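**Q** Let me see the structure of the following:
(one chain, ligands or ions: 1)
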Amino acid sequence: MPEPAAASKADPKLDPKPDPTAESQPAAGSEPSFRRFLRNLNLPVAVPVLALIAGAGLSVMAMLHSGRLLHREEEHRFAARVEEIHGQLADRLRVYEQVARSAASLAMTFPDLHWTQWSRFVEALDMPQRYPGIISIAYARAVAAGRAGDLVASMRAAGLSDFRIWPETAGAERVVNIFTAPVNEGNVRAIGFDMMSEAVRRSAIERARDTGEPAATRAITLKIDEATGAGPAFILYQATYRGDPLPPSLEARRASFTGVVLTPVRIGPLVDGLIDANRRDTGIEIFDVPPADAEFPLYRSRRPLDSTVAISLMRELPVGGRVWTVRYDSLPDGLFTAHDWVPGALLAGGLALSLALALVLRMALVTHSRAVVLAGEMTASLRLQEAERQQLFTQAPLGIALVGADGLVLDCNPAFAAAAGLPRQELLGTDLRLRFGDQASVFALEAALQGESGKLESDQPLLLGGRRSHFSLHFQPVIADGAQKFVLAFAEDIGEKRRAEQHIQYLAHFDALTGLPNRVLLYDRIAQALREGRRDGTKVAVLFIDLDRFKVINDSLGHSFGDEVLRSVARRLQSGLRESDTVGRLGGDEFLIVVRRVMEPNDAACVAEKVVAHLASPFAVGGQNFVVTPSIGISLYPDDAEDPEGLIRCADIAMYHAKEQGRNGFRFVTKEMGAKSRERMDLEGSLRQAIRDGQLFLVYQPQVDTLTGRIVGLEALIRWRHPDEGMILPGRFLPVAEETGLVLAMGDWVLFEACAQIRRWRTRFDLSIPVAVNVSGAQFRDGQLPAKVARALDANGLSGPELEIEVTESTLIDDVESAAATLAALKQRGVLIALDDFGTGYSSLSYLHRLPIDKLKIDRSFIHDLSTGASDSSVPRAIVGLGRSLGLSVIAEGVETQEQLQLLRDLACESYQGFLFSRPIPVEEVERLLEKLTAVQPPVQSVSAE
Ligand SMILES: Nc1nc2c(ncn2[C@@H]2O[C@H](COP(=O)(O)O[C@H]3[C@@H](O)[C@H](n4cnc5c(=O)[nH]c(N)nc54)O[C@@H]3COP(=O)(O)O)[C@@H](O)[C@H]2O)c(=O)[nH]1
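**A** All right, here's what the predicted structure looks like:
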């Protein structure tokens, strides 16, 4: 529904005005590339991707930061643990120094100590339990040069009978191992060993002597371990002095030096006890030189095979005046690996959250952009609808006007203005009621203004604005929000439609060619007359008129010529009738006259005579004069029938009888005619079925040479084997076939069947004689005959001369020119032409030379007359002479007696056919004949009858 104001709205598609919002945007060329990039950015993709990237970055940073924190915490914890282990190690070494000091004090306190006392002292220490790693505690006495013998003597005296000092090589000063504990085979082997003989030991002993402090050797393999391959060890020396436990000066210490307590310590057991064997998270390596210079460490704790070091810490450890370096390694199954999952979890969690955020953003933005697109589409669709409505209103072929509540025209489309015959501007703002010239339209509009819709379609022309025509008016109140807004007035000019309706009405009842009532109206008029007749007790006559030989005129001079003749006939038929009578055309050349108030049959006869008389004078059409005669059949109500159909049928039957009686006349229908007509109708139905069911067949009559008696041809003749009535001859069914047009289908079948039979005989008997086929007038005039003949020949592989077409003289005479053309076409295809029933027709021999004919057939009536003596032989003689002069062969038909044959021989007629030689015979009998023929028998005398 178009709103009045909507007319001003423009569709962007229809009105390509620039979008005002577009003015604020820079042109594509001048727009900064970044803004253009932003505008083209696909937000539903870009934003989630950016969120995902940012989230992933943050997650990685969180992972790295947490990793660093964890590492730092691990370092702190590891350092604390290292301090703890290192402190314990330093403490243990200090304790071991203390043990050496204690042993030294004992040796200084009791210079003459017996080795057994030493052993007790050492055993009391419970070294394996309390001081792991210490192998023994021994005492070596300093022996001045030249006093070695004293020491040996005193030691032997003390019970060590095989005591000796070794190695023998004597130095300036010796420090000889005299006591060791615990006493065991390994330790005892070192008794008597001069430790100054070995550089590492000497160096440590001198440092111990000079400092008074414990002095350790560097890492060595102990004598007792040389055989076992035990790990590195060191020996801790503590010097003993005479007098003062620690003489104050170097000289004093050297001067009062009496020996050293030596404590060999295996480093492995020393350290192992400090580290929990189950905790393999801390690796320890001890070097007595800087690790970079060391060939191997003094000690290395056990560690996992594939261990990698996370943190390494170096600590110094003072041992007997030396400084060891201890390296502590944090190993992978260390204290803090339990939290290693944290950075990974942070990363995974962060990525998962980022992904979730990206998806949520994506969904939100897609939903948003879809909503934006949808909104855009809806807006465009609404605009389009609005424009379409407007277009519909403007271009609608139906006149539409919007009428306000006061009856004034608010708007109207061009179709309404055109219907009213006024410019649109002249209608706008004026009262539509004043535009109507009739009250009914005004009332209908007022009713609509009161809310009641209404339609008007007057049979009479109405005035609308400046035009008078048939209008269809429709007033429709439009109500919105419960209130009437305006009235829609629809106006359609239906003048044209009305005229078309009237014309259709006319065509439905009148014949377009002649303007006479057609079959429909004729029935109506007869029914009307019958009502009148019943009421008044009068008769009604129906005259069925068929023009004689009109088909010839139509076919030969053309249809437009024929139409003109029909119009002229119609005019003449009308001119001689009373006004109360009706003349109409049933179709083709059939007319009907309905005569009312007939008192007696003679009244109808008078009308028929008048018709004959009116048509008698020649018609001048197209510069030619024609005589058209009618055959008229008459039926009467109530004598012959009481309804229109019955009356027309009876008049039709009577008309046929009039034709049979020689045309140009009339006949009243009789009871016998009706019966015959019914029989004909039954026959027609049966014949149709016969064609369908294959009840037709062909018989063949031989044609014989008059002199030799040899068969020179065969004539195919149709037969009908009726299921109830048995054999029916063509004389009974051919007329019906011709009247109904069935003869065409029948003729097609005969043509094809005869050709097929020729082919079969040609194959079997090497047949060279022609077979003749009769062609009816309808077939000949059909125009299709040459083509049909060609198809039948081609389909059976025949060249043409095997077939002879028999056509009657009367068929040709109707239209010699077109007959000549058809015959020429047939000849062209090679078939032979015979002129049947020759002599009975118009006998206008003059046309013969114009037609391509091969044979003349003397009608059997002339042959019959020969034998009866009713006529002389002049006609057959003339025909034989004519044939000879035109070069045509001549055959006589209907030869029944020897006498007739003899006469024909006398006339030198070449051939004959007739019962004398053979009746028409079925295929099997023909074949017996042909077998004789091919066996070159003497002339055949006669053949069995049909
Ligand atoms: N269009 C077609 N017309 C056909 C066809 N078959 C036959 N006809 C025509 O029907 C008419 C009657 O034919 P039919 O009953 O077959 O009679 C033929 C002969 O039986 C008959 N005849 C032959 N010899 C004698 C005789 O010695 N005495 C005698 N009384 N009658 C005889 O003559 C008829 C053959 O006549 P014609 O064709 O003129 O040679 C007849 O007009 C047939 O033409 C058909 O298939 N199509």
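**Q** average pLDDT across the lengthiest helix in the chain?
**A** As assigned by DSSP state H, the longest helix anywhere in the chain is helix 43-109. The pLDDT scores in helix 43-109 average 89.
**Q** repeat for stretch 250-263
**A** Summarised as a single mean, pLDDT over stretch 250-263 is 94.
**Q** got the CA positions of the helix or strand just after the longest helix of the chain in PDB?
**A** Downstream of helix 43-109, the next assigned helix or strand under DSSP states H and E is helix 115-124. Extracted in PDB, the C-alpha atoms of helix 115-124 (Å, rounded to 0.1, in the frame of the first residue of the first chain):
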ATOM      1  CA  TRP A 115     103.300 -48.500  71.500                       C
ATOM      2  CA  THR A 116     100.700 -50.500  73.500                       C
ATOM      3  CA  GLN A 117      99.600 -47.400  75.300                       C
ATOM      4  CA  TRP A 118      99.300 -45.700  71.900                       C
ATOM      5  CA  SER A 119      97.200 -48.500  70.700                       C
ATOM      6  CA  ARG A 120      94.800 -48.200  73.600                       C
ATOM      7  CA  PHE A 121      94.600 -44.400  73.100                       C
ATOM      8  CA  VAL A 122      93.600 -44.900  69.500                       C
ATOM      9  CA  GLU A 123      91.200 -47.700  70.100                       C
ATOM     10  CA  ALA A 124      89.500 -45.500  72.700                       C
END
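**Q** neighbouring contacts of helix 115-124?
**A** If you take CB atoms under 8 Å, 6 or more residues apart in numbering as the criterion, helix 115-124 is touched by 103, 106, 110, 136-137, 139, 158-160, 178-179, 181-183. (C-beta placed from N, C-alpha, C; glycine too.)
**Q** Going by neighbour count, list what's buried in whatever helix or strand comes next after that helix.
**A** Next helix or strand after helix 115-124 toward the C-terminus (DSSP H and E): helix 127-130. By 16 or more other CB atoms under 10 Å, the buried positions in helix 127-130 come out as residue 127.
**Q** contacts for helix 127-130?
**A** 134, 137, 182.
**Q** The ligand: which of those is nearest?
**A** residue 134 (152.6 Å; CB to the nearest ligand atom).
**Q** where does the closest one land on pLDDT?
**A** 93.
**Q** let's have the chain start at 8 instead
**A** Fine by me, first position is 8 from now on; the one you just mentioned is residue 141.
**Q** Show me just the buried residues among the contacts of helix 122-131.
**A** 110, 113, 143-144, 146, 167, 185-186, 188-190.
**Q** I'd like these laid out as CSV, including distance to the ligand and secondary structure.
**A** Supplementary listing: those in CSV, determined by distance: CB to the nearest ligand atom, whole Å; DSSP: H, G, I helix; E, B strand; the rest coil:
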residue, distance to the ligand, secondary structure
110, 163, helix
113, 168, helix
143, 156, coil
144, 159, strand
146, 166, strand
167, 170, coil
185, 168, strand
186, 166, strand
188, 161, strand
189, 157, coil
190, 161, coil
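**Q** Find the nearest non-adjacent residue to residue 532, please.
**A** Once flanking residues are discounted, residue 532 sits nearest to residue 589: 4.4 Å by CB to CB, 6 or more residues apart in numbering.
**Q** where exactly do the strands run in the stretch 808-953 of the chain?
**A** With DSSP state E, counting those that start in this stretch as the criterion, the stretch 808-953 of the chain has strands at 810-815, 839-845, 862-865, 896-900, 918-920.
**Q** Can you convert these into JSON lines and add a column each for distance to residue 159?
**A** Shown next, in JSON lines, are the strands of the stretch 808-953 of the chain (distance: least, CB to CB, whole Å):
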{"stretch": "strand 810-815", "distance to residue 159": "169"}
{"stretch": "strand 839-845", "distance to residue 159": "175"}
{"stretch": "strand 862-865", "distance to residue 159": "182"}
{"stretch": "strand 896-900", "distance to residue 159": "184"}
{"stretch": "strand 918-920", "distance to residue 159": "184"}
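**Q** Redo the ones you listed as TSV? Include mean pLDDT.
**A** Compiled in TSV, the strands of the stretch 808-953 of the chain are given as follows (pLDDT from 0 to 100):
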stretch	mean pLDDT
strand 810-815	95
strand 839-845	91
strand 862-865	94
strand 896-900	95
strand 918-920	97
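**Q** Just put the ones you listed in TSV and tack on mean neighbour count.
**A** Putting these into TSV (neighbours: other CB atoms under 10 Å) gives the following:
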stretch	mean neighbour count
strand 810-815	23
strand 839-845	23
strand 862-865	26
strand 896-900	24
strand 918-920	25
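**Q** what about the closest residue to the ligand within the stretch 408-557 of the chain, neighbour count?
**A** Going by CB to the nearest ligand atom, the ligand is nearest to residue 556 of the stretch 408-557 of the chain, at 19.9 Å. Neighbours of residue 556 under the rule other CB atoms under 10 Å: 14.
**Q** pLDDT at it, what is it?
**A** So residue 556 comes in at 82 (pLDDT).
**Q** For it, give me the backbone phi and psi.
**A** According to degrees, to the nearest 10, the main-chain angles of residue 556 amount to phi 50, psi 30.
**Q** Against residue 632, how distant is it?
**A** Using CB to CB, to the nearest Å, residue 556 is found at 15 Å from residue 632.
**Q** still on that earlier bit, check contacts around the residue nearest to residue 532.
**A** Contacts for residue 589 (CB under 8 Å, 6+ apart) come out as 524, 529, 532, 536, 600-601.
**Q** now, the most widely separated pair of these?
**A** Farthest pair in the contacts of residue 589 (CB to CB) is 524 and 536. Separation: 12.4 Å.
**Q** Which one's more surrounded, those two?
**A** Using other CB under 10 Å, the more surrounded residue of residue 524 and residue 536 is residue 536, with 26 against 20.
**Q** Which of the three states applies to the more buried one?
**A** Secondary structure state of residue 536, per DSSP: H, G, I helix; E, B strand; the rest coil, is helix.
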